[in-house]
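Novice: Sequence first, then the predicted structure, then my questions.
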Amino acid sequence: MSDANKTVKEKVIFGKEKNPSSIEPKKLTLNSYLKFRCHPGVRCFTACCGGIKIVLTPYDILQLCKRLEIPAHEFLHTYTIPTYLEKTDMPGVMLKLREEDNKCPFVTPEGCTVYTDRPTACRYYPVGMADFHEGGSRDGEGNEQAVHEENFFFIVREDHCKGFEEDKEWTIGEWRADQGVDLRDEMNREWLRLVMRRKSFGQQATLSEQAKRMFFMASTDLATFRRFIFESSFLDIYELDEETIRSLKEDDVALMLFSFKYLAATLFGVQTLKIKEEKIREKVAQLKTRQGDAVEQSIREYEELKAEVEAGKKRIEGEDSTGDR
Ligand code: SF4
Ligand code: SF4
C-alpha cells in the first residue's frame, strides 16, 4: 500500500470535471480498448482508497447498509460526512476517511472489506462516464441501450495507479461488465439525473430548506422515507395502485426508485406521480374560496374607502358653509 495522499481527489460518478490533469482528453466508447488490470499483486494495491472523496449514491448506501447489517442512520453517522453534490445545493454524503491515515474506512492491507458491495465510484475508477445530455435535458424513461449510446467514457490516469502497466487488454464494455457497473448505472440513473437537472438551473434558483431536507432523507434513509409514505397523508394525496403500495412496503429497491420519481415531481414538477382527483378538486375549491374571500375583502375595503371619502367631502362642505356665514 502506498502512502496516503493528503490532497483529496474525487472518484468520479457525475461525469467529467472541466480540466483535471489526470483525465485523458479523449472520448472513448464501449468498444475502445483499455490496457489495465487491478489485482492484489500490483505495487499500488489500495493506493486509490485513500485521500479520496467518494460520494455515495442512494443505491450504494442501501447495499452497504445491507452488507454491514446496520440501519441507514447508523451507517450515515459512522461512515459518512455531509457534502454537496456536484457543486449544487443538493445535500449528499461521502465516505468519512479514517482520521489516523486518511483512508477509506473499509480498506485493509489485504484490500477492500466490502468489495462485492463497494460504491459506484470505486467500480468506475479509473474509467469515468459522461453523458452527452449532461444538464438533465432528457426526461422520462431511458433504456439501457439508449443510455450507452448517449454516453462516452474517459480515462483517469493518475501517477500512483500502476494498473496501466499490466498486460491485460479489454474493451471498456468488457471492463465495465467485469466491475458490475451496468446494474449501478441503472440504479443510479434517475438520481444522477435529478442532480444534473438541479445543476443545469445554476445559481438562479435555490432549493428551500424543506426541499433539501426531503431530498436528503429520500436519498439517504429509505426507512424514514418509507415511514413518511405510510405514516403521513401521502397515500391520501397520490394515486398509487395496490401492487405499487405493496412493493413500497416490502422492496427497498422499488422504494428507492419510487423516491426518485417523487423527488422529480416535487422538486422539478415532472409529471411522474398522479395526484388523486378529489385532492385536486379540494385544492381548486380552496383556491376559489380564497379568491372569493379576497374579492369580498377588496369590495369591503373599497366600500369603506368610499364611505371615508364621502364623509370627508361632507365635512369640507360643512366647514365651507360655516365659513360663509
Ligand atoms: S470502498 Fe473499497 S474500493 Fe472503495 S475506497 Fe473503500 S476500500 Fe477502496
Ligand atoms: S492499480 Fe490503480 S485501481 Fe488498482 S489499486 Fe492500484 S491505484 Fe488502485
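Specialist: Noted; the coordinates are in hand. Since the structure is predicted, the reported quantities are computational estimates derived from the model, not experimental observations. Numbers count the residues shown, from 1 in each chain. Ligands and ions are numbered 1, 2, ... in the order given.

Novice: Alongside ligand 1, which residues does this protein contribute?
Specialist: By C-beta under 6 Å from any ligand atom, the residues of the chain that approach ligand 1 are Cys49, Ile54, Cys104, Phe106, Val107, Cys112, Val114, Arg118, Pro119, Cys122. Backbone N, C-alpha and C define where each C-beta goes, glycine included.

Novice: Which of these sits closest to ligand 2?
Specialist: Distances from ligand 2 to these, taken as C-beta to the nearest ligand atom, are shortest for Cys49 (7.1 Å).

Novice: what sits against the closest one?
Specialist: Each residue near Cys49 by C-beta atoms under 8 Å, 6 or more residues apart in numbering is listed here: Lys103, Cys104, Phe106, Val107, Cys112, Cys122.

Novice: Which members of the residues of the chain next to ligand 1 are positioned in strands?
Specialist: Of these, the ones assigned to strands by DSSP state E are Val107, Cys112.

Novice: Using a markdown table, lay out the residues of the chain next to ligand 1 together with distance to Leu257 and pLDDT.
Specialist: As requested, the residues of the chain next to ligand 1 are exported to a markdown table (distance: C-beta to C-beta, whole Å; pLDDT from 0 to 100):
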| residue | distance to Leu257 | pLDDT |
| --- | --- | --- |
| Cys49 | 29 | 94 |
| Ile54 | 23 | 94 |
| Cys104 | 27 | 97 |
| Phe106 | 26 | 97 |
| Val107 | 30 | 97 |
| Cys112 | 26 | 96 |
| Val114 | 23 | 97 |
| Arg118 | 21 | 96 |
| Pro119 | 18 | 96 |
| Cys122 | 22 | 94 |
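
Novice: Please, a PyMOL command that selects the buried ones among the residues of the chain next to ligand 1?
Specialist: Of these, the buried ones can be selected in PyMOL as follows, counting by 16 or more other C-beta atoms under 10 Å:
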select buried, resi 49+54+104+106+107+112+114+118+119+122
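
Novice: Identify, from the residues of the chain next to ligand 1, the entry nearest to Leu30.
Specialist: Checking the residues of the chain next to ligand 1 against Leu30 by C-beta to C-beta gives Cys122 as the nearest, at 20.1 Å.

Novice: Leu56 is in contact with that closest one, correct?
Specialist: No: with contact defined as C-beta atoms under 8 Å, Cys122 does not reach Leu56; the gap is 10.3 Å.

Novice: where do the helices sit along the stretch 201-325 of the chain?
Specialist: In chain order, the stretch 201-325 of the chain shows helices spanning 209-220, 222-231, 234-237, 242-250, 252-268, 277-324, with DSSP state H, counting those that start in this stretch as the criterion.

Novice: Mind checking the ones you listed for the one nearest to ligand 2?
Specialist: Of all the helices of the stretch 201-325 of the chain, it is helix 209-220 that lies closest to ligand 2, at 26.7 Å by C-beta to the nearest ligand atom.

Novice: From the contact counts, what lies against that closest one?
Specialist: Counting contacts by 3 or more C-beta pairs under 8 Å, 6 or more residues apart in numbering; DSSP states H and E, helix 209-220 packs against helix 58-68, strand 91-95, helix 222-231, helix 252-268.

Novice: Mind putting those into TSV with mean pLDDT?
Specialist: As requested, the helices and strands packed on helix 209-220 are exported to TSV (pLDDT from 0 to 100):
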stretch	mean pLDDT
helix 58-68	97
strand 91-95	96
helix 222-231	95
helix 252-268	94
